[in-house]
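A.B. asks: model this:
(chains A and B)
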Amino acid sequence: MQNQLFIYNTLSRTKEKFEPINKGMVGLYVCGPTVYSDVHLGNCRTFISFDLIYRYLLHLGFKVRYVRNITDAGHLEGDRDEGEDKFEKKAKLEQLEPMEIVQKYTLGFHDVMREFNTLPPSIEPTATGHICEQIEMIKHIIVNGFAYEVNGTIYFDVEKYNSQYKYGQLTNRQLEDLVAGTRELNGQDEKRGRLDFALWIKAKPEQIMQWLSPWGWGFPGWHIECSAMSSKYLGNTFDIHGGGMDLQATHHTNEIAQSQACNHKTPVKYWMHTNMLTVNGVRMSKSAGNGFLPDQLFSGKHPLLEKGYSPMAVRFFMMQTHYRSTLDFSNEALKASEKAFKKIINGLITIKILTHNEDTASFDEELNSDILRLCSLCYAGMNDDFNSAITIANLFNLLKYINSFHHNILPLASLNKNSFETMKRTYIVFVEDILGLKEEKFFKPNLIDDVLEILLQTYKNAKEIKDYKTVDLIRAKIKEEGIIIKDTKNGVEWAYEE
RNA sequence: GGUCCUGUGGCCGAGCGGCUAGGCUCAGCUCUGCAAAAGCUGCUACAGCGGUUCGAAUCCGCUCGGGACCUCCA
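C.D. replies: Predicted structure coming up:
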C-alpha cells in the first residue's frame, strides 16, 4: 500500500506507477530560481510543492538526491536569446557588481525557503560553478552535428534535431505548429532556424560576466545550465525533473533536446509540472501588478492584502490544493486556511500529550477499523500523485477522533494500543514530516514583561485577601525560573536572583 | 491563429462511471459561572442542453463562461 506511488508524467500525460531507475534511490532535479530579484511567490509554490514531494519520497524510505540549481548567469530577458542579461541589467540599476546581485538575492531566497520550512536540497549547484561542464556538453552537441557557430555564438539546430527526435513531445506539439507561432527572422538574425536557441552567447566587450571558451569570450545559454548540472549530479537519465508549467514549452523542451543531442539518451523518466498562482482569479505576474512578495504576504503590507498571513498558514493553504491545479490567492481563502491550520496544530499539541494506558474496557471494533482506515487514506492521498488535499481531509477526520478522545466524548479505552499508536504516529508524521508544518509562536516581543506584570498583580491580590498558599506558590515557582519577588514599601517588585 | 486546461454548495477546494471528501462561513444544539475550546445537526452542489449507460459531477457532442502556453515570468 505505502509503496504504490503514482505520479502524473507530463511526458505521457497519464498517471504512471513510480518505479525508480535504481531500486531504492531517486534522482530529483528541480529548476531553481534566477537570483536577479526577490523570489516570486509563484516560484515559492513550486519549491514548496517539490518539498512535499521530496519529504514524501524520503518518508517512503527512498534515498533521494535532490538537486535544485541557482541560476546566477546567462538568463537573458527573452528566453530565446534576446535582450539584456538579467544580472547585468539589475547590477547597473542597483549600482552593484553582478555577483553582488547574485549573493544578495540568493541569501534572500534561502531566508524565504527557511521560513516556509522547506528542507534544503542535497545539492544546490550554481550555473557559474559549472561553466566547464556546459562547454563540454556544447562541444559534444557540435560534434554530433546538432549545433553550429556563428561569430562566437553557438546555436542549437532544432530542425536537424527534429529530423531524428521529436522536439515538441513535452507539450505535444508539431514542429510546423511551433514554427508558425514564432515571428520571422529579420535580417539581423544570425541563426538559421526560427526555433534555434543559443547554447553559448558571445559576450559584448563591456560585459562583466564572461568566460573563455573554444569559441571566444562569452557566457552560457540558460537552458544548457540545467542539462549540464542535472547530468553531472544525477546521470544522463534520472528519475524526476520538476518545475513550473511555464517552463514546459521552452526550457524543458530544450533541455530534452540538448541531452539527447549530446548523449542520445532521454534525460528524464518522469516530468512533473506545478501549476500557476492566481490572485482573485488573475494570474500573478509582474505585468498584472498583482504579484506580492513573500515578505509582503507575511506582513500584509500590500494593497491586495487585508492582513498578514504566517508562512506556515500559507504553506498549509498551498497544500490544500493539488499541485497541478491553479491556486487562487484571496483574503477569504487565506483566512479560512489560517484557521484550519491552527486547528491542525492544536491537534498536534493534543495528540502528543495523549497516551494510551492499555485499558480496552470499552473496546469498539468498528471504531478501531475506521481509524485504521483513515490512516491508510492519508497514504492513499499522497500515493495518488501527491494529492495532499485528500491527505489533509483525512487528517481532519482523524482530528475529530483525537479531539473526542481528548475531551472524553469517546473513551480512549474503546481503542486498542495498536490503533491508538497508529493514529498518533500517522497524525504526527503527516503533519510534521510530510506536510512540513510546525507550530509557530506568535509571541509579542515584550510578552515576558507583560506576563510578569500579570503574575505580580495576582501575587498582590492574593496577599491582600491573605491567600498565603497562592502567595507562597507564586514565589516558589517564579524562583525556580531565577526571579525573586520583593515586597517593598513602594509595592511589589521583581529582580533576578543573585 | 495554433496547443491545451478548466467551470463543483455562501466561499475555497478534492473527487473524474455507482460509495458522507475536507476546510471556512452562517444557523441551531450539547457542554459550560462567563467565555473559549471541543463534539453534534442543518444549509440537500456539480455551467446549460442533448447523448451513451441499469446508473454520470465523472464518458461523448454542442452551446456559453474562465484560464494557460506559443512572448518576460515557476
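A.B. asks: Spell out which parts of the stretch 301-450 of chain A neighbour RNA strand B.
C.D. replies: A:320-322, A:325-328, A:330, A:332-333, A:335-337, A:339-340, A:343, A:346, A:384, A:387, A:389-390, A:392-394, A:396-397, A:399-400, A:403-404, A:406-407, A:409 (C-beta under 7 Å from any atom of the strand). The way it works is simple: take the backbone N, C-alpha and C, and place the C-beta from them, glycine included.
A.B. asks: List the ones among those residues that fall in strands.
C.D. replies: A:327-328 (DSSP state E).
A.B. asks: are any of the residues of the stretch 301-450 of chain A next to RNA strand B buried, and which?
C.D. replies: A:320-322, A:327-328, A:337, A:340, A:384, A:387, A:390, A:392, A:394, A:397, A:399, A:403, A:406 (16 or more other C-beta atoms under 10 Å).
A.B. asks: For my notes, confirm residue A:138 occurs in a helix.
C.D. replies: Yes. Counting by DSSP: H, G, I helix; E, B strand; the rest coil, residue A:138 is part of a helix.
A.B. asks: give me every residue that touches the residue nearest to it when sequence neighbours are not counted.
C.D. replies: Nearest residue to residue A:138, sequence neighbours excluded (C-beta to C-beta, 6 or more residues apart in numbering): residue A:199, at 4.7 Å. Counting by C-beta atoms under 8 Å, 6 or more residues apart in numbering, residue A:199 makes contact with A:138, A:141, A:147, A:154-156, A:220-221, A:223-224, A:258.
A.B. asks: Take these and write them to CSV, including neighbour count, secondary structure and pLDDT.
C.D. replies: Formatted as CSV, the contacts of residue A:199 follow (neighbours: other C-beta atoms under 10 Å; DSSP: H, G, I helix; E, B strand; the rest coil; pLDDT from 0 to 100):
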residue, neighbour count, secondary structure, pLDDT
A:138, 26, helix, 96
A:141, 26, helix, 96
A:147, 25, strand, 94
A:154, 25, strand, 94
A:155, 23, strand, 93
A:156, 26, strand, 93
A:220, 27, strand, 93
A:221, 27, coil, 90
A:223, 26, helix, 91
A:224, 28, helix, 94
A:258, 29, helix, 94
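A.B. asks: Out of the residues you listed, which is nearest to RNA strand B?
C.D. replies: Within these, proximity to RNA strand B (C-beta to the nearest atom of the strand) peaks at residue A:223, which comes in at 10.6 Å.
A.B. asks: is it true that that closest one touches residue A:256?
C.D. replies: No. Contact criterion C-beta atoms under 8 Å: residue A:223 and residue A:256 do not qualify, at 9.9 Å.
A.B. asks: what about residue A:312, which SS state?
C.D. replies: helix.
A.B. asks: for chain A, which spans come out with low pLDDT?
C.D. replies: A:1-3, A:75-83, A:180-189, A:285-289, A:442-445 (pLDDT under 70).
A.B. asks: domain parsing for it?
C.D. replies: The domain map for chain A lists A:6-274, A:279-434, A:447-496, with the assignment taken from automatic domain parsing.
A.B. asks: which of these is buried the deepest?
C.D. replies: domain A:6-274 (a mean of 19; mean count of other C-beta atoms under 10 Å).
A.B. asks: Look through chain A and state the residue closest to RNA strand B.
C.D. replies: For chain A, C-beta to the nearest atom of the strand, closest residue to RNA strand B: residue A:244, 1.2 Å.
A.B. asks: Okay, that residue and residue A:12: tell me how far apart.
C.D. replies: For residue A:244, the distance to residue A:12 (C-beta to C-beta, to the nearest Å) stands at 19 Å.
A.B. asks: ok, so of the buried ones among the residues of the stretch 301-450 of chain A next to RNA strand B, who is nearest residue A:307?
C.D. replies: The shortest approach to residue A:307 among those belongs to residue A:337, at 12.9 Å (C-beta to C-beta).
A.B. asks: which residues does that closest one contact?
C.D. replies: Contacts of residue A:337 (C-beta under 8 Å, 6+ apart): A:313-314, A:316-317, A:320.
A.B. asks: Leaving out chain neighbours, which residue sits closest to it?
C.D. replies: residue A:317 (3.7 Å).
A.B. asks: That neighbour sits in which helix or strand?
C.D. replies: Taking DSSP states H and E as the criterion, residue A:317 maps to helix A:311-319.
A.B. asks: Tell me the helices and strands packed up against that helix.
C.D. replies: Applying 3 or more C-beta pairs under 8 Å, 6 or more residues apart in numbering; DSSP states H and E, one finds that helix A:311-319 contacts helix A:41-59, helix A:294-299, helix A:331-353, helix A:388-406.
A.B. asks: Compare these and give me the one nearest residue A:448.
C.D. replies: helix A:331-353 (21.0 Å).
A.B. asks: okay, the angle between the closest one and helix A:311-319?
C.D. replies: When axes from the mean of the first three to the mean of the last three C-alpha atoms, to 10 degrees is applied, the directions of helix A:331-353 and helix A:311-319 differ by 110 degrees.
A.B. asks: So what's the gap between helix A:331-353 and the chain middle?
C.D. replies: Centroid separation for helix A:331-353 versus its chain: 20 Å, with C-alpha atoms, centre = their mean, to the nearest Å.
A.B. asks: Any chance you could list what contacts stretch A:120-130?
C.D. replies: With contact meaning C-beta under 8 Å, 6+ apart, stretch A:120-130 is reached by A:30, A:32, A:54, A:64-74, A:102, A:113, A:134, A:209, A:220, A:225, A:228-229, A:232-233.
A.B. asks: now with 6 Å?
C.D. replies: Identification of contacts with stretch A:120-130 by C-beta atoms under 6 Å, 6 or more residues apart in numbering yields A:65-74, A:225, A:228-229, A:233.
A.B. asks: swap in stretch A:413-431?
C.D. replies: Contacts for stretch A:413-431 (C-beta under 6 Å, 6+ apart): A:348, A:351, A:356, A:359-364, A:367-368, A:371-372, A:375, A:378, A:395, A:398, A:437.
A.B. asks: rewinding a little: in the sheet, who's paired with the residue of chain A closest to RNA strand B?
C.D. replies: Residues in a beta bridge with residue A:244, per DSSP bridges, are residue A:274.
A.B. asks: Residue A:46 is in contact with that one, correct?
C.D. replies: Yes. Using C-beta atoms under 6 Å, residue A:244 makes contact with residue A:46 at a distance of 4.9 Å.
A.B. asks: Spit out the residues that contact these two alike.
C.D. replies: Counting by C-beta under 6 Å, 6+ apart, the contacts common to residue A:244 and residue A:46 are residue A:274.
A.B. asks: Now do the SS call for the residue nearest to residue A:138.
C.D. replies: What three-state DSSP gives for residue A:199 is strand.
A.B. asks: for residue A:193, same thing?
C.D. replies: Strictly by three-state DSSP, residue A:193 counts as coil.
A.B. asks: which non-adjacent residue is nearest it?
C.D. replies: residue A:159 (4.8 Å).
A.B. asks: distance between stretch A:350-357 and the chain's centre?
C.D. replies: Worked out by C-alpha atoms, centre = their mean, stretch A:350-357 lies 32 Å from the chain centre.
A.B. asks: Stretch A:116-129 too?
C.D. replies: On C-alpha atoms, centre = their mean, the centre of stretch A:116-129 falls 11 Å from the chain's centre.
A.B. asks: now do stretch A:276-284
C.D. replies: On C-alpha atoms, centre = their mean, the centre of stretch A:276-284 falls 18 Å from that of its chain.
A.B. asks: first to last residue in it, what's the distance?
C.D. replies: Across stretch A:276-284, the terminal residues are separated by 8 Å (C-alpha to C-alpha, to the nearest Å).
A.B. asks: hmm, that stretch touching RNA strand B?
C.D. replies: Yes. Stretch A:276-284 is in contact with RNA strand B by C-beta under 7 Å from any atom of the strand, via A:276-278, A:281-284.
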